[in-house]
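# model this:
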Amino acid sequence: MSLFGSLFTGVSGLAAQSRSMSVISDNVANVSTIGYKGGVSNFASLVVSPDQQRAFSPGGVQHSTRFLVEKQGLVQATGSATDAAIVGNGFFVVAQDPGGNSPPLYTRAGSFTPDADGYLRSANGFYLLGWKLDTSEQPLDINVTQPVNVRDLNATTVATARLKLGANLDSGQEIHTGAYASGDMAEFAATNGASGTAPDFKRQIQVYDSLGNARSITVAFLRTPGAATWSVELYADTADIESGTHPNGLLGSGTVSFNGNGSIASLAITPTYPASAVAGDPLGIDWLNSANSADSSIVIDWGAIGGTDGLTQFAGESAVSFVTKDGAGFGELNAVRIDEDGFVEAAFSNGEVRRIFQIPVATFANPSALQPRSGNVFAMTRASGDANLQTAGSGGAGQISPAALEAANVDLADEFTKMIVTQRAYSANAKVITTTDDMLDELMRIKR
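Numbering: from 1, shown residues only. Here you go, the predicted structure:
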């Protein structure tokens with residue numbers, strides 16, 4: 001009985017070492033596979049009789065495979081803007097189809113490129129999933145992921161929403177006498193036959209409406225009676241705006257006064273649109289457009305009260321020192337990239353950069369229990385626990401390294417060493433079988 005047990009023990013050894021060689025060969029074959037996680041062979045004794053005090057019954061050996069999912073591979077720069085590697089814990093979330101009909105899968109292979117439909121897909125054809133962002137670049141719903149698509153962003157425009165003006169008004173400017181009504185400095189009115197008063201200083205500023213049209217507004221200043229007081233008006237070309245809401249092209253008007261040190265003492269500018277606007281409201285502009293889709297609301301920063309970071313009044317020539325503003329005209333999509341925070345950014349020819357998706361990093365309580373699938377992806381199992389979606393670098397999730405890929409975590413020298421040991425162990429088990437066969441043969445000869 002024991003001889004036959006030894007024979008089967010040798011057979012189990014051959015089977016276990018064969019499986020070990022299969023693991024080694026798989027590791028060697030995938031040494032160049034991006035994000036591949038190598039497997040290791042685990043051997044355990046197989047005991048058929050727990051009571052070994054009177055007689056020993058050989059059992060054999062069991063083989064199991066464990067993938068080194070948590071072992072980091074070497075991160076190498078690629079130069080591709082849509083490549084990404086995870087440094088630390090976690091996985092990219094991918095799917096087999098963009099329609100949401102397949103369960104999510106997980107991978108460390110971050111080689112993504114846009115396909116003909118605008119989806120970011122891995123080299124193995126899986127669709128990258130992410131959180132879609134709203135116009136304020138915040139996730140619409142962190143509980144819902146969808147395929148990252150940039151197709152609907154082939155062009156963009158950005159309306160001017162903020163503007164800051166830095167300018168000095170000459171303290172030696174002649175003070176004008178008389179009464180001045182709102183709109184007197186709207187010089188475009190003069191071209192239509194209305195009487196206008198020439199400002200002491202003016203500056204034309206280009207802005208953009210929501211359709212990407214370049215527009216011009218003019219800010220004008222007139223020194224008036226009072227303690228260092230100036231009348232301020234903003235106006236536009238009457239051919240660009242609705243005359244019913246902006247008579248004589250006037251966009252807004254008010255006054256600014258200065259302290260003895262040249263800083264702003266008081267400022268009150270009231271927009272003409274909408275009719276309910278009060279001093280300090282954003283400048284509303286009713287651009288000439290039947291659908292009103294190109295109307296603008298611009299917050300103008302004139303500088304802090306008591307400060308000299310905007311308008312000033314010093315003994316010097318009236319001049320503009322700076323104008324800073326946002327907004328951009330029409331621009332076509334010319335690049336897509338993934339940044340270090342996991343945001344998918346679209347860059348346009350007008351210089352605008354817009355974040356459209358955020359890539360979550362999925363972490364697991366037991367990532368080694370994930371089930372490997374073809375295409376260098378893993379599936380969730382009961383032993384791995386549920387996926388926990390985190391932003392990169394938070395909650396135990398790894399950092400994202402843009403324009404880089406994670407190499408396979410396989411050490412060839414180690415695999416070749418294991419190959420030699422496995423081959424010797426296989427030969428040894430084969431020797432057990434041949435030796436046992438010789439002993440059985442000897443037993444059969446006893447009868448002769």
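
# hang on, isn't residue 350 packed against residue 333?
No - at 10.5 Å, residue 350 does not count as touching residue 333 under the criterion of C-beta atoms under 8 Å. Placement of C-beta: from N, CA and C, glycine included.

# and for those two, which residues touch both?
Counting by C-beta atoms under 8 Å, 6 or more residues apart in numbering, the residues touching both residue 350 and residue 333 are residue 156.

# Was I right to think residue 254 contacts residue 272?
No - under the criterion of C-beta under 8 Å, residue 254 makes no contact with residue 272, lying 10.9 Å away.

# could you say what helices and strands the longest helix seen in the chain packs with?
For the chain, the longest helix by residue count, based on DSSP state H, is helix 412-445. Based on contacts counted as 3 or more C-beta pairs under 8 Å, 6 or more residues apart in numbering; DSSP states H and E, the elements that helix 412-445 packs against are helix 2-29.

# Please name every helix or strand in contact with the helix it packs on.
Against helix 2-29 (3+ C-beta pairs under 8 Å, 6+ apart) you get strand 39-46, strand 60-67, helix 412-445.

# list the buried ones in it?
Judged by neighbour count (16 or more other C-beta atoms under 10 Å), helix 2-29 contains these buried residues: 5-7, 9-17, 19-21, 23-24, 26-27.

# returning to that earlier point: of residue 254 and residue 272, who's got more company?
residue 272 (24 against 19; other C-beta atoms under 10 Å).

# where's that one relative to residue 221, distance?
Residue 272 sits at a distance of 18 Å from residue 221 (criterion: C-beta to C-beta, to the nearest Å).

# before we move on, what about residue 65?
Residue 65 is 79 Å from residue 221, by C-beta to C-beta.

# Compare those two (neighbour count), which wins?
The neighbour count for residue 65 versus residue 221, taken as other C-beta under 10 Å, is higher for residue 221 (22 against 14).

# now the host helix or strand of the more buried one: how far from the chain's centre is it?
In this structure, residue 221 is located in strand 214-224 according to DSSP states H and E. Strand 214-224 sits 40 Å away from the centroid of its parent chain (C-alpha atoms, centre = their mean, to the nearest Å).

# Thought residue 381 was touching residue 106, still the case?
No - Residue 106 is not in contact with residue 381 according to C-beta under 8 Å; the separation is 11.2 Å.

# any residues in contact with both of these two?
By C-beta under 8 Å, 6+ apart, the residues touching both residue 106 and residue 381 are residue 370.

# Of the two, which one has the most company?
residue 106 (24 against 12).

# Now do the contacts for the more buried one.
Counted by C-beta under 8 Å, 6+ apart, residue 106 has contacts 91-94, 362, 370, 377-380, 387.

# what does residue 102 give?
Per C-beta under 8 Å, 6+ apart, neighbours of residue 102: 95-96.

# Would you double-check that it falls in a helix?
No - Residue 102: not assigned to a helix; according to DSSP: H, G, I helix; E, B strand; the rest coil it is coil.

# Residue 82 versus that one, what's the distance?
22 Å.

# Which residue comes closest to the most centrally placed residue in the chain once chain neighbours are left out?
In the chain, the C-alpha closest to the average C-alpha coordinate belongs to residue 343, at a distance of 0.2 Å (C-alpha atoms, centre = their mean). Among residues not flanking residue 343 along the chain, residue 355 sits closest, at 4.5 Å (C-beta to C-beta, 6 or more residues apart in numbering).

# circling back to that earlier point, for the contacts of residue 106, give me TSV that also has distance to residue 172.
Formatted as TSV, the contacts of residue 106 follow (distance: C-beta to C-beta, whole Å):
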residue	distance to residue 172
91	69
92	66
93	67
94	69
362	68
370	77
377	75
378	76
379	79
380	76
387	70
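
# filter these to the buried ones?
Using 16+ other C-beta under 10 Å, the buried ones in the contacts of residue 106 are 91-94, 362, 370, 377-378, 380, 387.

# In contact with the residue nearest to the centre of the chain, which residues?
By C-beta under 8 Å, 6+ apart, the neighbours of residue 343 are 133, 137, 355, 357-359.

# Put the alpha carbons of stretch 412-426 into CSV.
The C-alpha coordinates for stretch 412-426 follow below in CSV (Å, rounded to 0.1, in the frame of the first residue of the first chain):
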residue,chain,number,x,y,z
LEU,A,412,13.8,37.7,-14.9
ALA,A,413,16.8,36.7,-12.8
ASP,A,414,14.4,35.4,-10.1
GLU,A,415,12.3,33.6,-12.7
PHE,A,416,15.3,31.8,-14.2
THR,A,417,16.4,30.8,-10.7
LYS,A,418,13.0,29.4,-10.0
MET,A,419,13.0,27.6,-13.3
ILE,A,420,16.2,25.7,-12.4
VAL,A,421,14.8,24.8,-9.0
THR,A,422,11.5,23.6,-10.6
GLN,A,423,13.3,21.5,-13.2
ARG,A,424,15.4,19.8,-10.5
ALA,A,425,12.3,19.2,-8.4
TYR,A,426,10.5,17.8,-11.4
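
# buried set for that stretch?
415, 418-419, 422, 425-426.

# which helices and strands does the helix or strand harbouring residue 356 pack with?
Using DSSP H and E, residue 356 sits within strand 353-358. If you count contacts as 3+ C-beta pairs under 8 Å, 6+ apart, strand 353-358 packs onto strand 127-132, strand 343-348.

# deepest of those strands, which one?
With neighbours taken as mean count of other C-beta atoms under 10 Å, those reach their highest mean count in strand 127-132, at a mean of 23.

# model confidence over it, on average?
For strand 127-132, the per-residue pLDDT values average out at 95.

# Just want the angle from that strand to strand 343-348.
90 degrees (axes from the mean of the first three to the mean of the last three C-alpha atoms, to 10 degrees).

# tell me the angle strand 127-132 makes with strand 353-358.
110 degrees.

# ok, residues contacting the helix or strand that comes right after strand 127-132?
Next along the chain after strand 127-132, taking DSSP H and E as the criterion, comes strand 146-147. Contact with strand 146-147 is made by 95, 98, 100, 119-120, 127-130, 132, as judged by C-beta under 8 Å, 6+ apart.

# Pull up the pairing partners for strand 146-147, direction included.
strand 127-132 (antiparallel) (DSSP bridges).

# then the partner strand to CSV, C-alphas only?
The C-alpha atoms that make up strand 127-132 are tabulated as CSV, following Å, rounded to 0.1, in the frame of the first residue of the first chain:
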residue,chain,number,x,y,z
TYR,A,127,-12.9,51.6,-21.9
LEU,A,128,-11.6,53.9,-19.1
LEU,A,129,-14.2,54.9,-16.6
GLY,A,130,-14.3,58.2,-14.7
TRP,A,131,-16.4,60.8,-13.0
LYS,A,132,-17.9,63.3,-15.4
